[in-house]
Every structure is written in structure tokens, then in C-alpha cells.
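Undergrad: whatever this is, show me its structure:
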Amino acid sequence: MISELKLKDAERIVRVTMILILLTAGTSKLFSQGGFFEYYYQLFQGDLRINLPVLLVAFHLKVTPFIEIFLGLALFSNKYKIYAVYGWFVFMLSLVFGHYILQEWSSVNQMLSYIFIGLLCFILPNHSSWFNRNVDS
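TA: Have a look, this model is predicted:
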């Protein structure tokens, strides 16, 4: 049987991974000089089976980096961890939906690993402090 301490350490590793993914993705999009927005905006204007309203696409693309940074920072908090993980699920499902609309099937499949990372963070117990490593925390 795996000890509670190891499970808590595993959760910390998973959460740090999620934080790095979100903060890296968000900041790279913010500093892309509009490249992220332009690239995906043009893709959503193509010949697709499902066409979303232009304003919805533009809004989602504009707020995506801020959502990523907000969720990444929220995952630092033990108090709000569960809300941040739920936010992770909603955000990742929105990305799955977007890639599905774009008919990027390999990206849809790859997004499943992000859902599983969130699931691990959701079910694993966490330490009560980032700097404390005892079972009773």
C-alpha cells in the first residue's frame, strides 16, 4: 500500500506540473504579440462543420491567457485548490471542444492527458502547506 505521505508528495508534483503548464502557456500567449489570437482566430474562420459566432471565438481567445494565469496562480492555494481544479476541468474541456470543432483529432486525444492530470490532483490528498511535509498535515 502507498503511504499517505507519498500520495501527498505525488499531489504536490502533479499540482506543480499543472501550475507550470498554465503559467507557461498563459504568459507565452500574452507575449506572442497577438500571434496566438491571430492564428486561432483564422483557423476558426475556415470551412468547418460547426461554426461558432465570431464574437464568442474572439472573446474566448482574448481571455484564454488570463484564465491560464489565474488558474495557475489559484493552484498555489490549498484553500482554493478544489475550485482551481474544477476550473482546470472546465477550461480543458473548452479546449477539447475547440480542437474538436477545428477537427484536430490528435489534439483532442492529447487533451485527455490534461484531464487525467486534473483528475489526479482532484483525488490525491494534499499537504496543508507547501513547506510542510508531514503526514498529519
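
Undergrad: name the residues of stretch 29-42 that come out as buried.
TA: By neighbour count on 16 or more other Cβ atoms under 10 Å, the buried set for stretch 29-42 is Lys29, Phe36, Phe37, Tyr40. Quick note: C-beta positions are derived from backbone N, CA and C, even for glycine.

Undergrad: residue boundaries of the helices in the chain?
TA: Listed in chain order, the helices of the chain (DSSP state H) span 4-30, 35-44, 54-74, 81-101, 105-123.

Undergrad: to Phe131, which of those lies closest?
TA: If you check each of these against Phe131 by Cβ to Cβ, helix 4-30 wins as the nearest, at 10.8 Å.

Undergrad: mind listing what's buried in that closest one?
TA: 8, 10-12, 14-15, 18-19, 21-23, 25-26, 29.

Undergrad: with adjacent residues omitted, what lies nearest to the residue nearest the centre of the chain?
TA: Among the residues of the chain, the one closest to the centroid is Trp88, at 4.6 Å (Cα atoms, centre = their mean). Excluding the flanking residues, the one nearest Trp88 by Cβ to Cβ, 6 or more residues apart in numbering is Gly118, at 4.5 Å.

Undergrad: ok, that neighbour - contacts?
TA: If a contact means Cβ atoms under 8 Å, 6 or more residues apart in numbering, then Gly118 has Met18, Val85, Trp88, Phe89, Met92 as its contacts.

Undergrad: can you tell me which of these lies nearest to Gly46?
TA: Ranking the contacts of Gly118 by separation from Gly46, with Cβ to Cβ as the measure, puts Met92 on top at 23.1 Å.

Undergrad: my read: the closest one touches Leu112, true?
TA: No. With contacts defined as Cβ atoms under 8 Å, Met92 does not count as touching Leu112, sitting 9.2 Å away.
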